[in-house]
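Trainee: structure here, sequence nowhere to be found:
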């Protein structure tokens, strides 16, 4: 089996897990690299053969300054001017669109544990940051406090990925090389549009993709608040930070602006790591304009290293601006954004000790139902109105290792996918939750699952040591009729193995008309690399 184990990697307490005993360092809970390596050494799980496509199907790569932990994309935006975000156009749509250059915002969340040093300075403090000097955000937008020894550094890196070829190249980041000839390159990272230095390591992040702006569910006196895409990040400090995507009307440059941060955690003696989060942003995507779901408030569910799950309310509230107050150019906002924790409960334990809750999500068709997966080898379903006991639990009779990823289907409200360290992706129907409707190996521990935004039966999987996989599940395709064997026809369409370290993040980039092109993005932790690649390039 691949992977190695070094006693020098750990110096913490003992844990008994899956009939094996090893030491873990609570300071290095995230990312769980050593744990997965140990799992591979002890659990002889079957894996599929891996196609080698390291030199044929990627467009561009970059090396980040900190360890890359997550990668998240938004909808395509027209790059000629700032307008409301345009939904992805189906390539078969007859709706005419302007021939403009589309860009997709992409954010890489980074995390790094800073070792103790003699002078107390953080490693990398002397690094050359000139590569982003002109387009970094203003120092006033930096989130957090100075880095201390034994702390966790983090940053958000914003890239605007274009759908058209540029006549000039502006590739200045270290080791940023294109696999194909420069004249043929369409997709590149180019320089980061901005880099936000965070107060702690970023472990997860999600764009808010709800169809309505926050002000549209608020009183009419806040109706002048301009629609801005929002991004929420989960940090090792236990805090959740909100940023908005902005564009300077004069310079046309894109940036992230800090809006709000969560406060202290409820009912806890000390802060724990925020490991994952999810918005309830799907609730009004498919409903009519007059549906009551349109007025539901924005919420974020988050999970933590101390075994808890929490709910946060995100809301807009009026702010007072005096007539003679000096405001930023183009800032016509009459309200501010706030985030407030409303509920927290103990969700997962292992032999009486809190178990890290690696993943969480709302159930797509019911915002009162939350899903959580943890290191105790269990998936739990909760009614947030009564959290003393879970509604349903699927434990070690199904999962042979920790549950690490939950991803609701974007079109089928009753379907969701679950990933685990045991290298298996399971598809569940919450109406018949006792057993998965489909399950398949992907050749590595599953850390992220991203459904294709248009193709119902297609998903992108970040499989840690196994790289990335594009998987087709025909049973979820509306044209598929053979439901006798739900595993029939499940196929790994392509595999991306250029990552030399564990692939933790992956997402789709699907451009609207006129190009209707699709690419994938992924990132890996220890080698600090991110790639743009062709998800349909078959192995030679």
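Mentor: Right, received. Where do you want to start? Remember, predicted model here, so these are calculated numbers, not experimental data.

Trainee: might one say that residue 236 is in contact with residue 154?
Mentor: Yes. Counting by CB atoms under 8 Å, residue 154 is a contact partner of residue 236 at 7.0 Å. Placement of C-beta: from N, CA and C, glycine included.

Trainee: which residues are common contacts for these two?
Mentor: Contact criterion CB atoms under 8 Å, 6 or more residues apart in numbering; residues shared by residue 236 and residue 154: 111, 200-202.

Trainee: so which of the residues you listed sit within strands?
Mentor: Under the assignment DSSP state E, these contribute 111, 202 to strands.

Trainee: between the shared contacts of residue 236 and residue 154, which is nearest residue 468?
Mentor: Residue 468 lies nearest to residue 111 out of these, by CB to CB, at 19.3 Å.

Trainee: that closest one contacts residue 237, correct?
Mentor: No. Contact criterion CB under 8 Å: residue 111 and residue 237 do not qualify, at 11.3 Å.

Trainee: these two - which one has more neighbours?
Mentor: Taking other CB atoms under 10 Å, residue 111 and residue 237 do not tie; residue 111 has more neighbours (26 against 22).

Trainee: so what's that one up against?
Mentor: Contacts of residue 111 were listed using CB under 8 Å, 6+ apart, and they are 30-31, 66-67, 69, 152-154, 201-203, 236.

Trainee: so which residues of the protein form helices?
Mentor: 33-42 (DSSP state H).

Trainee: quickly note the distance from the closest residue to residue 421 other than its chain neighbours to residue 393.
Mentor: Closest residue to residue 421 apart from its sequence neighbours, by CB to CB, 6 or more residues apart in numbering: residue 401 at 3.6 Å. Distance, residue 401 to residue 393, using CB to CB, to the nearest Å: 16 Å.

Trainee: and if you look at residue 208?
Mentor: Look at residue 208 and residue 393: by CB to CB, they are 30 Å apart.

Trainee: between these two, which one's more packed in?
Mentor: More neighbours surround residue 208 than the other of residue 208 and residue 393, with 20 against 14 (other CB under 10 Å).

Trainee: okay but residue 151 is in contact with residue 115, surely?
Mentor: No. The criterion here is CB under 8 Å, and residue 151 misses it with residue 115 at 10.0 Å.

Trainee: tell me which of these two has more neighbours.
Mentor: Legend: neighbour count by other CB under 10 Å for residue 151 and residue 115, higher for residue 151 (19 against 9).

Trainee: pLDDT score assigned to that one?
Mentor: Looking at residue 151, its pLDDT is 83.

Trainee: just give the nearest non-adjacent residue to it, would you?
Mentor: That would be residue 114: by CB to CB, 6+ apart, it lies 5.2 Å from residue 151.

Trainee: what's the burial count for the one you found?
Mentor: 19.

Trainee: distance of it from residue 306?
Mentor: To residue 306, residue 114 is 22 Å away according to CB to CB.

Trainee: and residue 500, by the same measure?
Mentor: From residue 500 over to residue 306 the distance is 33 Å, taken as CB to CB.

Trainee: neighbour count: these two, which is higher?
Mentor: The residue with more neighbours, out of residue 500 and residue 306, is residue 306; 23 against 11, by other CB under 10 Å.

Trainee: hmm, residue 344 and that one touching each other?
Mentor: No. Residue 306 lies out of contact with residue 344 (CB under 8 Å); the separation is 10.0 Å.

Trainee: pretty sure residue 474 contacts residue 487?
Mentor: No. When contacts are counted by CB under 8 Å, residue 474 is not listed as touching residue 487 (9.8 Å).

Trainee: those two: which has the busier surroundings?
Mentor: Taking neighbours as other CB under 10 Å, residue 474 and residue 487 compare with residue 474 leading, 20 against 14.

Trainee: let me know how buried residue 338 is, in neighbour terms.
Mentor: Close neighbours of residue 338, defined as other CB under 10 Å, add up to 18.

Trainee: distance check, it against residue 491.
Mentor: Distance of residue 338 to residue 491, computed by CB to CB: 46 Å.

Trainee: count of neighbours near residue 508?
Mentor: When neighbours are counted by other CB under 10 Å, residue 508 registers 22.

Trainee: surely it touches residue 454?
Mentor: No. In this structure residue 508 lies outside contact range of residue 454 using CB under 8 Å: 9.1 Å.

Trainee: touching, residue 307 and residue 349? I think so.
Mentor: Yes. Counting by CB under 8 Å, residue 307 does reach residue 349; the two are 5.9 Å apart.

Trainee: who's more crowded, the two?
Mentor: Taking neighbours as other CB under 10 Å, residue 307 and residue 349 compare with residue 307 leading, 22 against 13.

Trainee: can you list the weak-confidence ranges in the stretch 1-150 of the chain?
Mentor: Along the stretch 1-150 of the chain, the model assigns pLDDT under 70 to residues 1-56, 78-100, 116-150.

Trainee: now the stretch 201-350 of the chain
Mentor: Scanning the stretch 201-350 of the chain for pLDDT under 70 picks out 211-226, 267-269, 283-295, 319-335.

Trainee: which residue ranges of it form strands?
Mentor: Ranges of strands in the stretch 201-350 of the chain, per DSSP state E, counting those that start in this stretch, are 202-207, 230-235, 240-247, 254-261, 274-279, 298-304, 308-318, 335-346, 349-350.

Trainee: let's see if you can find the most crowded of the contacts of residue 111.
Mentor: In terms of neighbours by other CB under 10 Å, the contacts of residue 111 top out with residue 202 at 30 neighbours.

Trainee: for that one, which non-adjacent residue is spatially closest?
Mentor: Leaving aside its sequence neighbours, residue 202 sits nearest to residue 109 (CB to CB, 6+ apart; 3.5 Å).

Trainee: can you check residue 208 too?
Mentor: residue 230 (4.1 Å).

Trainee: for the one you found, what are its contacts?
Mentor: Taking CB under 8 Å, 6+ apart, we find residue 230 in contact with 207-208, 214, 242-245, 259, 314, 337.

Trainee: identify the farthest-apart pair in these.
Mentor: 245 and 314 (15.6 Å).

Trainee: and residue 455, what is it in contact with?
Mentor: residue 477.

Trainee: okay, the strands of the stretch 201-350 of the chain, which one's buried deepest?
Mentor: strand 230-235 (a mean of 27; mean count of other CB atoms under 10 Å).

Trainee: pairing partners for that one, with directions?
Mentor: Strands that pair with strand 230-235, judged by DSSP bridges, come out as strand 202-207 (antiparallel), strand 240-247 (antiparallel).

Trainee: confirm for me that residue 441 is in contact with residue 419.
Mentor: No. Between residue 441 and residue 419 there is no contact under CB under 8 Å: 11.3 Å.

Trainee: those two: which has the busier surroundings?
Mentor: Between residue 441 and residue 419, counted using other CB under 10 Å, the more crowded position is residue 419 (29 against 18).

Trainee: now the more buried one. Nearest residue, chain neighbours left out?
Mentor: Spatial nearest neighbour of residue 419, chain neighbours left out: residue 446 (2.7 Å); criterion: CB to CB, 6+ apart.

Trainee: for that neighbour, phi and psi?
Mentor: Main-chain torsions, residue 446, degrees, to the nearest 10: phi -90, psi 120.

Trainee: number of nearby residues for it?
Mentor: Neighbour tally, residue 446, other CB under 10 Å: 30.

Trainee: now residue 354
Mentor: As a burial measure, residue 354 scores 19 neighbours (other CB under 10 Å).

Trainee: next one: it from residue 495, what distance?
Mentor: From residue 354 to residue 495 the distance is 36 Å (CB to CB).

Trainee: one more: residue 65?
Mentor: For residue 65, the distance to residue 495 equals 28 Å [CB to CB].

Trainee: buried stuff in stretch 415-435?
Mentor: 415-430, 433 (16 or more other CB atoms under 10 Å).
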